[in-house]
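In: no FASTA, just this:
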């Protein structure tokens, strides 16, 4: 049975209010009483109730995290790395999943704010900003991660997605490919920036950018494999057929490679693939997948430290931290070694 | 800026205590004052602070979850499905990861209890029970999942791991295999029960059980692929060589299949594999993996409902809920179709 303030007050014949004042460091308790209360707390191994402590200090020692899909390895790995930083500072992590549904996301944000958190971290699935203007009115600071809103002055931690698109496209050109297509996402800043990186490199290298070589999909996360499969079916009908695909993420690449193999094509000889995310199983796939690693663990760690900073000093000018991505080349572009 | 009790009290010229009493449904406030307070709360769209509500009711509307590794798809999927149930009942999920380290687990449990949660859910990495005897002294009810302790009278939700071992082994016998080996786990109840299921079926079918065909690994989760690879290297040296392997989980199966392919064996003609967990990428592996699906989403849903029940009625006799597993057969046992 946990020791309560009431028990200590009872043992010493003082009021609960007095014990509570000692706990909060309130000065209007006499030194002898203070000494007796602290001694008894120690004897009973009293653990202060965080709820009570939160009400007294205005802090909850809690960080809220809203992700679109926890089973997506990116968000799971981010949450794991974040929780490690928070654990070391005795902060708790409250987790909410929006299931890529803007309405659920709004509801979860409201619930978290009402409950009381020190900082909110969110990879948003909203396509408009109204929600965040509302958030700006709150006293609770928030930090966007993974997905940014270009016209919103907010704190952000994410990968440098323009670079993701550039590195992937350069790599496909470096291995000698000429007809490079892109299976992309929609609505989110990573989708937009990765496409922009792809276009930048094509223009730089003097390769024509063909609109029919770009297919953007609706659901690239949970059902990314199916979306990638369908998009690839479309691209296989283009004449001439693309000889390389930069895919939005590893899951869409997995689906796209399935469609290519089904059509009897050889990877990478006939058609090469690069994904993004470098997921845990990328090396064990039917064709081990080349992927852009955007340093998920590092992102979680940086976001955790940023969140602690915001909880101590909520009023700061908006700051963006971008983590540089890097290529992990495997069979899907390099062939069997 | 969130509306506070203080603002409402100030607007109406009443005390904060009065407003707080109305909020908690306390009867010693006059009907006219009550009406005015409720009207003003509605006008200002007042959201009660959950911290304050928690202190008043003794509930925190919070469920604590401790998992060994969030990036493992089983725990991610469990957490996702659990959070869906909790969201519908306006409960928050506080997430902690033990990194398979008993000391971190103890620390996280202590932090969660001190913070105040209504129920604790835990897939423990402890090898002894002392921790749980201590937990039994707490007022906070707890629910074990995935990993049980046979000699502990505690609530439990998990898959029927004896059945997992039986179904996997039966399937390997059904496809004509005779020398069936097992790459298993250590220290946890699923590891113990899956091995027991494997043995039961061998005995029933009159196949000899050879101790040299069983290799138990230390880390089957995060580094399961590497553990499976090493274990398979050992099994490949046995004479005669096993012709089928029941692997503790999909990750160990992935590593084991790599070792078999590296040795030039054909899957499933020379050697067949069954894993457990049916992870999201099992069908896209180099050799699509047959696996025992233990209904992770269902487990999370059941655990969520059980947790809500325990938070409403903490004093209940220990209850175990086992979810029946089922086989998903793919190329690693059935060959290419």
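Out: Cool, the structure landed. Please read these numbers as outputs of a predicted model, since none were measured by experiment. Numbers count the residues shown, from 1 in each chain, chains lettered A, B, ... in the order given.
In: how about the nearest residue to residue A:310, chain neighbours excluded?
Out: residue A:141 (4.4 Å; C-beta to C-beta, 6 or more residues apart in numbering or on different chains). Heads up, the C-betas are built off the backbone N, CA and C, glycines and all.
In: kindly report the same for residue A:143.
Out: Nearest to residue A:143 is residue A:155, by C-beta to C-beta, 6+ apart, at 4.5 Å.
In: is it true that that neighbour touches residue A:306?
Out: Yes. The pair residue A:155 / residue A:306 is scored as a contact, 6.8 Å apart, by C-beta atoms under 8 Å.
In: residues that sit against both of the two, list them.
Out: A:143, A:319 (C-beta atoms under 8 Å, 6 or more residues apart in numbering or on different chains).
In: and the residue nearest to residue A:143, backbone torsions?
Out: Phi and psi for residue A:155, reported as degrees, to the nearest 10, are phi -70, psi 140.
In: pull the contacting residues for it.
Out: A:141-144, A:306, A:310, A:316, A:318-320.
In: separation between the residue in the stretch 51-200 of chain A positioned nearest to chain B and residue A:78?
Out: Using C-beta to the nearest C-beta, the closest approach of the stretch 51-200 of chain A to chain B is made by residue A:115 at 3.8 Å. If you measure residue A:115 against residue A:78 using C-beta to C-beta, to the nearest Å, the figure is 22 Å.
In: what's the closest non-adjacent residue to residue A:275?
Out: residue A:253 (3.3 Å).
In: next secondary structure element downstream of the helix or strand of chain A with the lowest mean pLDDT?
Out: Using mean pLDDT, DSSP states H and E, the weakest-scoring helix or strand in chain A turns out to be helix A:50-57, at a mean of 58. Downstream of helix A:50-57, the first helix or strand assigned by DSSP states H and E is strand A:62-67.
In: from the rest of the structure, what touches that following strand?
Out: By C-beta under 8 Å, 6+ apart, strand A:62-67 touches A:54, A:75, A:78-79, A:82, A:86, A:91-98, A:105, A:108-109, A:112-113, A:115-124, A:307, A:311, B:94, B:115.
In: and those residues, which of them are in strands?
Out: Residues from the contacts of strand A:62-67 lying in strands, with DSSP state E as the criterion: A:92-97, A:119-122, B:94.
In: which of those sit farthest apart?
Out: A:97 and A:119 (18.1 Å; C-beta to C-beta).
In: where does pLDDT dip in chain A?
Out: Within chain A, the segments meeting pLDDT under 70 span A:1-2, A:24-25, A:47-58, A:221-222.
In: could you pull out the helices in it for me?
Out: Secondary structure of chain A (DSSP state H): helices located at A:5-12, A:16-23, A:31-43, A:50-57, A:73-88, A:102-115, A:130-137, A:161-174, A:189-204, A:224-236, A:250-262, A:296-312, A:331-334.
In: which parts of the longest one are buried?
Out: If I follow you right, that is helix A:296-312. A:296, A:298-311 (16 or more other C-beta atoms under 10 Å in any protein chain shown).
In: packing partners of that helix?
Out: helix A:73-88, strand A:119-122, strand A:142-145, strand A:155-159, strand A:320-323 (3 or more C-beta pairs under 8 Å, 6 or more residues apart in numbering or on different chains; DSSP states H and E).
In: count the residues that sit near residue A:218.
Out: 10 (other C-beta atoms under 10 Å in any protein chain shown).
In: now it. Nearest residue, chain neighbours left out?
Out: Nearest to residue A:218 is residue A:186, by C-beta to C-beta, 6+ apart, at 5.9 Å.
In: help me confirm that the one you found comes into contact with residue A:217.
Out: Yes. Here residue A:186 lies in contact with residue A:217, judged by C-beta under 8 Å, at a distance of 6.8 Å.
In: neighbour count winner among these two?
Out: residue A:217 (21 against 14).
In: residue A:326: what's it in contact with?
Out: Per C-beta under 8 Å, 6+ apart, neighbours of residue A:326: A:167, A:292-293, A:295.
In: measure it to chain B for me?
Out: Taking C-beta to the nearest C-beta, to the nearest Å as the measure, residue A:326 and chain B are separated by 20 Å.
In: most neighbours among the contacts of residue A:326, please name it.
Out: Ranking these using other C-beta under 10 Å puts residue A:292 first, with 28 neighbours.
In: now that one. Nearest residue, chain neighbours left out?
Out: Counting by C-beta to C-beta, 6+ apart, residue A:276 is the residue found nearest to residue A:292 once chain neighbours are left out, at 4.4 Å.
In: got the contact list for that neighbour?
Out: A:164, A:168, A:194, A:247-250, A:291-292, A:294, A:325.
In: over to residue A:183?
Out: Residues in contact with residue A:183 (C-beta under 8 Å, 6+ apart) are A:215-217, A:227-228, A:231-232, A:235, A:245-248, A:252-253, A:256.
In: same thing but 10 Å
Out: For residue A:183, the contacting residues are A:213-217, A:220, A:224, A:227-232, A:234-235, A:245-249, A:252-253, A:255-256, A:273, A:275, by C-beta atoms under 10 Å, 6 or more residues apart in numbering or on different chains.
In: filter the residues you listed down to the buried ones.
Out: A:213-217, A:220, A:224, A:227-232, A:235, A:245-249, A:252-253, A:255-256, A:273, A:275.
In: close to chain B, is stretch A:15-29?
Out: No. Against chain B, stretch A:15-29 shows no contacts by C-beta under 10 Å from any C-beta of the partner chain, the least distance being 11.5 Å.
In: pull out the buried positions in that stretch.
Out: Within stretch A:15-29, the residues that qualify as buried are A:18-23, A:29, counting by 16+ other C-beta under 10 Å.
In: now do the end-to-end distance for it.
Out: End-to-end distance for stretch A:15-29: 11 Å, by C-alpha to C-alpha, to the nearest Å.
In: pull up the residues of the stretch 201-337 of chain A that are close to chain B.
Out: Residues of the stretch 201-337 of chain A lying near chain B (C-beta under 10 Å from any C-beta): A:222, A:225, A:250-251, A:254-255, A:257-258, A:279-289, A:296-297.
In: and with 6 Å instead?
Out: By the rule C-beta under 6 Å from any C-beta of the partner chain, the part of the stretch 201-337 of chain A lying against chain B is A:254, A:281, A:284-286.
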